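K.L.:
Sharing a model prediction with you, sequence too.
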Amino acid sequence: MTSLLDLLDRTGLWLSRIGAAGTVLALVAMMLHICADTLARWLFHSPFTGTLEIVENYYMTSVVFLALALVQRAREHIKVEIFAKLFPAGMLRISDLVASGLTAVFCTAFAVAAIQETLRQTEKGSFRDVIFFDMPIWPSYWIMAFGGVLIAFATITSFLADLLRPEGDDHHENPEAFL
């Protein structure tokens, strides 16, 4: 069982790195696009048509959804531990397992819903009216669905690792190990 978890962990690590690389590429592309649009507006009094729509639908979607799996693997999501510090070790473990399990269920449900919505938007050829042309936005839904699958995979493997780790083992991993 441990070798299966190791395989899932290595797979999850590479998938989360791919998502993070997509986030970095989207941030760089967004920065260059916005700078070029600003220069065109300033120098030639002619901004690029559709910059706002491209930023909204492609770059921001990538930035938000593709990095989630890496954040989950590093266990850097926001946690509220007001009462957890008062729990004995056994109750804290159970609390962490319940939270991890619920997160996995939620993220898996999100991934399924994202895939269903993506298929609907792709089928109807969803687009945005951008003054001079119709910009297809259905591909941006695939970014959301891919990010949803990545976070679902990361939360499921985190839950399985939490469930199968020996009691007393500190499960807070080193975030730098994932970069």
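P.N.:
Arrived safely. Model, not experiment: these values are computed from the prediction. Residues are numbered from 1 along each chain as shown.
K.L.:
Please name the spatially closest residue to the residue most central in space within the chain (chain neighbours excluded).
P.N.:
In the chain, the centroid-proximal residue (Cα atoms, centre = their mean) is Leu68; its distance is 2.8 Å. Leaving aside its sequence neighbours, Leu68 sits nearest to Ile151 (Cβ to Cβ, 6 or more residues apart in numbering; 4.2 Å). C-beta: built from backbone N, CA, C; applies to glycine.
K.L.:
how deep is that neighbour tucked in, by neighbour count?
P.N.:
Per other Cβ atoms under 10 Å, the neighbour tally for Ile151 reads 30.
K.L.:
what does Tyr58 give?
P.N.:
Tyr58 has 19 nearby residues by other Cβ under 10 Å.
K.L.:
which residues does the closest residue to it other than its chain neighbours contact?
P.N.:
In space, and not counting its chain neighbours, Tyr58 is closest to Ser140: 5.2 Å by Cβ to Cβ, 6+ apart. The contact partners of Ser140, by Cβ atoms under 8 Å, 6 or more residues apart in numbering, come to Asn57, Tyr58, Thr61.
K.L.:
same thing but 10 Å
P.N.:
Going by Cβ atoms under 10 Å, 6 or more residues apart in numbering, Ser140 touches 54, 56-62, 65, 118, 121, 126, 128.
K.L.:
Which member of those residues is positioned nearest Asp9?
P.N.:
Phe65 (21.5 Å; Cβ to Cβ).
K.L.:
In helices only, show me the contacts of Ser140.
P.N.:
If you go by DSSP state H, the contacts of Ser140 have Ile54, Met60, Thr61, Ser62, Phe65, Thr118, Gln121 in helices.
K.L.:
and which of those is nearest to Val24?
P.N.:
Closest approach to Val24 among the ones in helices among the contacts of Ser140 (Cβ to Cβ): Ser62, at 9.5 Å.
K.L.:
count of residues packed around the closest one?
P.N.:
Look at Ser62: counted by other Cβ under 10 Å, it has 24 neighbours.
K.L.:
Now do the contacts for the closest residue in space to it that isn't next to it in sequence.
P.N.:
Counting by Cβ to Cβ, 6+ apart, Ser62 lies nearest to Ala26, which is 3.4 Å off, once chain neighbours are set aside. Neighbouring residues of Ala26 by Cβ under 10 Å, 6+ apart: Val55, Tyr58, Tyr59, Met60, Thr61, Ser62, Val63, Val64, Phe65, Leu66, Ala67, Ile143.
K.L.:
Could you identify the most distant pair in those?
P.N.:
Greatest spacing in the contacts of Ala26, by Cβ to Cβ: Val55 and Ala67 (16.7 Å).
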